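Enquirer: this is a predicted model, with the sequence first.
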Amino acid sequence: MPDHFFVYPAYLGRGLSRRDGRRLPDGDALVEVTAQEIVESARRLGYKAEVEAEKQYPRRFYTYAGRVRVVKRGGVTKTQFLRAVAADLKKHRPSGPKK
């Protein structure tokens, strides 16, 4: 069993359908997530992560958004990790325009 898993930005993409690769409910998903944002969030959550910029998601082979290699931690599933990253990104991203 590998000691890591891969996360593509498409997993968290709000504008994508499940068929296109989104892994979270639309309400939890985010707009325009980058691999670098995922790495920063993973590190804040205590994971070891690195960007593999030259990689592409097979379902979206026409875009080179990269992927993130994350070292697994015991008892945490990939879905739990994705939900934690989404929550962290929502918390740390600047909010929309001020009125």
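Expert: Arrived safely. Please read all numbers here as calculations on a predicted model, not as lab measurements.
Enquirer: can you pull out the helices in the chain?
Expert: 35-44, 78-92 (DSSP state H).
Enquirer: what mean pLDDT does the last one have?
Expert: The one in question is helix 78-92. Averaging pLDDT along helix 78-92 yields 94.
Enquirer: ok so, going back, could you dump the helices of the chain to CSV with mean neighbour count and distance to Val70?
Expert: (Each C-beta comes from the backbone N, C-alpha and C, glycine too.) Shown next, in CSV, are those (neighbours: other C-beta atoms under 10 Å; distance: least, C-beta to C-beta, whole Å):
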stretch, mean neighbour count, distance to Val70
helix 35-44, 19, 6
helix 78-92, 16, 7
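Enquirer: so for Val71, which of the ones you listed sits nearest?
Expert: Proximity to Val71, assessed across those by C-beta to C-beta, is greatest for helix 35-44 (9.1 Å).
Enquirer: what is the closest one packed up against?
Expert: strand 49-52, strand 67-71, helix 78-92 (3 or more C-beta pairs under 8 Å, 6 or more residues apart in numbering; DSSP states H and E).
Enquirer: quick one: contacts of it?
Expert: Residues from elsewhere that reach helix 35-44 (C-beta atoms under 8 Å, 6 or more residues apart in numbering): 7-9, 12, 48-53, 65-68, 70, 81, 85, 88-89, 92.
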